[in-house]
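A.B. asks: Here is the input, now give the coordinates:
(2 chains)
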Amino acid sequence: MKRVLTYIISVAAILFVWEMASIAVNLINHAAILPGPFDALSQVVKNAAELQRNFAASAWRLILAILISLAAAMPLGLVIGREPTLDRFFSPIIYITYAIPQVALILFLFVVFGTGSATKVAMVTLALFYQILVSARGAAKNIDEEYVTSVLSAGATRWQVYRHVVLPASLPQILTSVRVSIGLGIAFLYIAETRAALGTGLGSFINKHMLFSRDRAFAGIVAMAFLGLLLYMAVDVIERIICRWKYVKRRPLK
Amino acid sequence: MINVDAVTIDYGHGEQTVRAVENVSFCLEKGKSLALIGPSGCGKTSLLFALSGLLHPRSGTIRIDDEEVNTPRRDVALILQNAGLLPWKTVWQNANLSLLLNGDFPQQNAAEVLAHLGLDNVMTRFPAELSEGMKRRVGIARALSTSPSVLLMDEPLASLDTLTREKIQNLFLNLWHEHGFSLILVTHNIEEAAFLGSRIIVFTDRPARVSATIDNPQMGTLDYRGSTEFQGVMSQLREALEA
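C.D. replies: Coordinates of the predicted model:
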C-alpha cells in the first residue's frame, strides 16, 4: 500500500513539473510548443487503438531483445567471470568492442536484416548484451569463495557450482543491470523505430506526429514511459520471486 | 585412521611460490579428536583443505582408511568458518546440500539431525533470518546429514560470543560421543583446542610446521573446563605458542 502511494505521489510530481514546464515554454515562445500532461493524456484516450497497436509492437521487440541478450550474455558473463583462462582471452575483446557506439551500426543492421522488426530487435539486443555481459562477469568474479568451497566440499561438480552458487549469487546484480538496461533499451528502440521510414512501434508513432500534432507525439512518449515502468515493475516482481532470500526480514531468530 | 605423511603445501608457481605448510606428519586413530592450533594465517586451513581433498599437497601424502585423498570424499564432512551456508537456500536445503548434489543420501537423516539440533521449526527460513548460533547449528546439521566418519572443522566458532561458543563446543562434544566420528578442528583459540582436542598439534607461523604435540587424554566431559588438567593443558599450549 505504501509502495502504491509512493508511486501515486511520484506520478503527481512528474505531472506537476511537466505542466509548469509546458506553461513556461509556451509563454516564452508565445506558441503552443510543449503540450501539457493533460493534453497528452487526452490524446492517449483518443488514440487508444493506434497507441495500443504500437505499444504492443514496441513491447514485444523490447521484451524479445531483453530475453535474447539475457540468454546470450548471462551464461557467457558468468563463465568468463569464473574461468580465469577465458577471462584473459575475452576481457580485451569485450572492452574493445564495448567502446564501439552500437548506435553507429544501425545502418549496417538495416542492410543486414532489412527494415522490419528484426533490425530493431537486433539493435536493442546489441546494446543490452554488453550491459548484461559486463555485469554478469563482475558478479561472478566477486562471489565469496566460501560458498564455492562449501559446495565443492559437499562433492559438487563444476556444473553444480554454477547451478547452486554462481547463478543464484549473481542474479541480483544481473537483474539490476536488466533494470538499468530497460531505459537504455527504450532509447535504442526509439532510435531504431524512428529510422525505419514506415513501420509500427511507439518510436515510429512519436516521429510521425512530432512536427504537426505534438499532443499525439507526447501521448506516444507517455506510452513509452509507461512501457518502461511496466517492465521495471515486472523485473521487481521477478526478483522478489527468484531472489526471495534477499527480501526476508533480517531479524535474527533466537 | 588418518595418516598425514610429510605434507608440504605451496601456492603459486616459480618465484612467486608461497609455502603454506611444510613437512607436516601426524596420524589420528579412528574416533579420536585432534586440534590444530597456530597463529592466524599460518597455514592450518590449507592443511584442513588438503585433508578434505580440496587442495593437493606439493609433496607428501594424506590417507584416510588407507585410501589416498585426492578429491572430496563422501565420508568426510567439512564445516567452514562462517558455516558456509548458501544465503539463497533455506535451512532445509542447506542441511540437505549433499543430498541435493549427490542425490543418494537418506533424506530423513538430515530431518533427524535438524530436529535433534532444535532446528525443525526453522526449516523454511533463510540464513539471514537466523542468529549466528543457529547458523552454526545448520552448518553442523549439513555436515552430519551424510553420517561422516571424519568431521573437519575450520575455526567453526570464530566470531561467536563467549556463551554461544561454549554452548556449541558442548554440542560438538556430545555429537562426537554420539556419532563416533574422527574430529579434526582448526582453531587459534587455546581454550577451544584444550576442550575439544584429545591431542593438540601446535604450528609455527607460516609456513606451518609442527612445533609441539600435546596429549590431552582427560578431555571429553562437559565439566572438563573447570578441572585443573584443563588449566594445565591451556598453560602448556600458551607456552608452546609463545616459544
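A.B. asks: which parts of the helix or strand hosting A:Val235 are buried?
C.D. replies: Using DSSP states H and E, A:Val235 sits within helix A:214-242. Across helix A:214-242, burial judged by 16 or more other Cβ atoms under 10 Å in any protein chain shown covers A:214-224, A:227, A:231, A:235, A:239. In short, each C-beta sits where N, CA and C put it, glycine included.
A.B. asks: from those, which single one is nearest chain B?
C.D. replies: A:Glu239 (12.2 Å; Cβ to the nearest Cβ).
A.B. asks: how about the nearest residue to the closest one, chain neighbours excluded?
C.D. replies: Nearest residue to A:Glu239 in three dimensions, chain neighbours excluded: A:Leu175, at 4.9 Å (Cβ to Cβ, 6 or more residues apart in numbering or on different chains).
A.B. asks: May I ask you to confirm that that neighbour is in contact with A:Val237?
C.D. replies: No. Counting by Cβ atoms under 8 Å, A:Leu175 stays clear of A:Val237, with 10.9 Å between them.
A.B. asks: re earlier: closest one of the buried residues of helix A:214-242 to B:Val210?
C.D. replies: A:Glu239 (50.8 Å; Cβ to Cβ).
A.B. asks: do the helix or strand where B:Ile140 lies and chain A meet?
C.D. replies: When elements are assigned from DSSP H and E, B:Ile140 belongs to helix B:132-144. Yes. Helix B:132-144 is in contact with chain A by Cβ under 8 Å from any Cβ of the partner chain, via B:132, B:134, B:142.
A.B. asks: ok, and the most crowded of these?
C.D. replies: Counting neighbours by other Cβ atoms under 10 Å in any protein chain shown, the top entry in the residues of helix B:132-144 next to chain A is B:Arg142, with 30 neighbours.
A.B. asks: Run through the residues that contact the residue nearest to B:Asp75 when sequence neighbours are not counted.
C.D. replies: Computed as Cβ to Cβ, 6+ apart, the closest residue to B:Asp75 that is not its neighbour in sequence is B:Ser149, at 4.5 Å. For B:Ser149, the contact set (Cβ atoms under 8 Å, 6 or more residues apart in numbering or on different chains) comprises B:30, B:65, B:75-76, B:181-182.
A.B. asks: Would you map out the domains in chain B?
C.D. replies: B:2-75+B:150-242, B:85-147 (automatic domain parsing).
A.B. asks: most packed of those?
C.D. replies: domain B:85-147 (a mean of 20; mean count of other Cβ atoms under 10 Å in any protein chain shown).
A.B. asks: for B:Leu157, helix, strand, or coil?
C.D. replies: Three-state call for B:Leu157 (DSSP: H, G, I helix; E, B strand; the rest coil): coil.
A.B. asks: I'd say it and B:Val186 touch.
C.D. replies: No. Contact criterion Cβ under 8 Å: B:Leu157 and B:Val186 do not qualify, at 11.1 Å.
A.B. asks: Quick one: name the residues of the stretch 51-200 of chain A near chain B.
C.D. replies: Residues of the stretch 51-200 of chain A lying near chain B (Cβ under 8 Å from any Cβ): A:146-147, A:149-157, A:160, A:164-165, A:168-169.
A.B. asks: Restricted to buried residues, select those residues in PyMOL.
C.D. replies: Those of these that count as buried under 16+ other Cβ under 10 Å are selected in PyMOL with:
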select buried, chain A and resi 146+147+149+150+151+152+153+154+155+156+160+164+165+168+169
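A.B. asks: Taking chain B, what residue is nearest to chain A?
C.D. replies: Across chain B, no residue is closer to chain A than B:Gly84, which sits at 3.3 Å (Cβ to the nearest Cβ).
A.B. asks: Help me confirm that B:Leu151 is found in a strand?
C.D. replies: Yes. Assigned with three-state DSSP, B:Leu151 falls within a strand.
A.B. asks: so what's it closest to, chain neighbours aside?
C.D. replies: Per Cβ to Cβ, 6+ apart, closest to B:Leu151 is B:Phe181, 4.8 Å.
A.B. asks: I figured that neighbour hits B:Met153, correct?
C.D. replies: No. In this structure, B:Phe181 is not within contact of B:Met153 by Cβ under 8 Å, at 10.9 Å.
A.B. asks: List the contacts of the residue nearest to A:Tyr98 when sequence neighbours are not counted.
C.D. replies: Counting by Cβ to Cβ, 6+ apart, A:Tyr98 lies nearest to A:Tyr130, which is 5.0 Å off, once chain neighbours are set aside. By Cβ under 8 Å, 6+ apart, the residues touching A:Tyr130 are A:73, A:94, A:97-98, A:102.
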